[in-house]
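Trainee: below are the sequence and a predicted model; questions follow.
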Amino acid sequence: MKSQNQLVCIALVGEEPATRRLREQVAESALVETPLLLEGERGSGREHIGRHIHASSARRAGAFIRIDAEYADSERAIGKLRRAHGGTLLVKDLPYGSARLRRVLQGLLERREQEQATDRPEPDADRPRLILTSDVELPRLLESGVVAAELLGLHQVTRLRIPPLRERSGDVPVLAEHFLTLLSDQLGQTRTLRGRAMDQLLRYSWPGNLAELRDVVNRSALRSRGQTIELCDVEAVLPPLQERVPLEQLSLEETVRVKLRALLQRLDGYPIADLYEEVLSHVERPLLKEVLFRTSGNQLRAAAMLGINRNTLRKKLRERGIDCGESDAAPLPTRSST
């Protein structure tokens, strides 16, 4: 059985004005049936909030089904949609879904709109409540035409923005203590984090948001030799000071170097094989998707931008499992590589 601490929605912990406002919006969202778009950076707690809304809603007795839009083009993944009937369907990272998935979601929204146009007093209880998440800002989504008005305008989708941790930095101490409590429950040992160690956490900008804070707190606690986490424990886990420059201010080579160093540090002690192909795939995939986004899915223009021919581009898209769309005019989204 989960402890009371584990039942808390992590993303809603804190008393900063932005956090209190978010709690109010989440509570309101749980009372309605309208489709919901959760906007927020990666690691900000979008899925936690989606689960909390489901658990607080009239649909809590139904299933909560989560699908990752980027990998939801298989029959098995599409079939999961049917399991959400009467419950909640959370579609993670909507902008990266295939054209097929977007058509399915559009059909769900259109059916809901048709029901509202009739005299039926209540929407179909068997149809799932739809919650979408995105780390791409709405203006960029609309500009790209990936989902456009069909998903975000005409069907009355409600937007809820989840603030990044840097906009609620006053919550860092209470969040850190919360993560420590969860870890202490698992280890059966108490850990505390105060003084200069906490000051160091407050000075950091947390580009990885809640997920990064949890990782740093846990690794610092496991590194500490006693019950108290010291400054040296936190400094050993956080990126070196010279690497805390915002990524957008670094050159491409510097950005890759920072990411690779962090990756290798986390892999330290584990057997490593095929590192070259692994790194190449993670670099090439976002590159291809970003270029396709910039060219609105036009593969001829994308190939020209990359300096390769169209056949080579198609081959790489297949190798990296990227949906090619139905035509060159069909826009494809991209995920930020940071």
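Mentor: Yes, it's here.
Trainee: tell me who's in contact with residue 31.
Mentor: Counting by CB atoms under 8 Å, 6 or more residues apart in numbering, residue 31 touches residue 57. (C-beta placed from N, C-alpha, C; glycine too.)
Trainee: what kind of secondary structure is it in?
Mentor: coil (DSSP: H, G, I helix; E, B strand; the rest coil).
Trainee: now swap in the one 3 residues further on and tell me
Mentor: Using three-state DSSP as the criterion, the local structure at residue 34 reads coil.
Trainee: same thing with residue 305?
Mentor: With three-state DSSP as the criterion, residue 305 reads helix.
Trainee: burial count for it?
Mentor: When neighbours are counted by other CB atoms under 10 Å, residue 305 registers 14.
Trainee: that one and residue 295: what is the separation?
Mentor: Separation of residue 305 from residue 295 (CB to CB, to the nearest Å) stands at 7 Å.
Trainee: then residue 227?
Mentor: Applying CB to CB to residue 227 and residue 295 gives a distance of 56 Å.
Trainee: which one of these two has more residues nearby?
Mentor: Shown here are residue 227 and residue 295; by other CB under 10 Å, residue 295 has more neighbours (19 against 11).
Trainee: that one against residue 303, yeah?
Mentor: No. Residue 295 is not in contact with residue 303 according to CB atoms under 8 Å; the separation is 9.1 Å.
Trainee: buried residues, stretch 128-141. List them.
Mentor: 128, 129, 130, 131, 132, 133, 134, 135, 136, 138, 141 (16 or more other CB atoms under 10 Å).
Trainee: among those, which ones are in strands?
Mentor: The members of the buried residues of stretch 128-141 that map onto strands under DSSP state E are 129, 130, 131, 132, 133, 134.
Trainee: residues near residue 58, how many?
Mentor: By other CB under 10 Å, 12 other residues sit near residue 58.
Trainee: could you look up the SS state of it?
Mentor: Quick answer, by three-state DSSP: residue 58 is coil.
Trainee: how close does it get to residue 308?
Mentor: In terms of CB to CB, residue 58 sits 52 Å off from residue 308.
Trainee: what do you get for residue 293?
Mentor: As judged by CB to CB, residue 293 and residue 308 stand 17 Å apart.
Trainee: okay, those two: which has more neighbours?
Mentor: residue 293 (20 against 13).
Trainee: local confidence estimate at the more buried one?
Mentor: Per-residue pLDDT puts residue 293 at 78.
Trainee: residue 194 touches residue 231, doesn't it?
Mentor: No. Taking contacts as CB under 8 Å, residue 194 lies outside contact range of residue 231: 10.4 Å.
Trainee: quick one: contacts for the residue found closest to residue 30 once you drop the neighbours it is linked to in the chain?
Mentor: Nearest residue to residue 30 in three dimensions, chain neighbours excluded: residue 56, at 3.9 Å (CB to CB, 6 or more residues apart in numbering). Contact partners of residue 56, counting by CB under 8 Å, 6+ apart, are 26, 27, 30.
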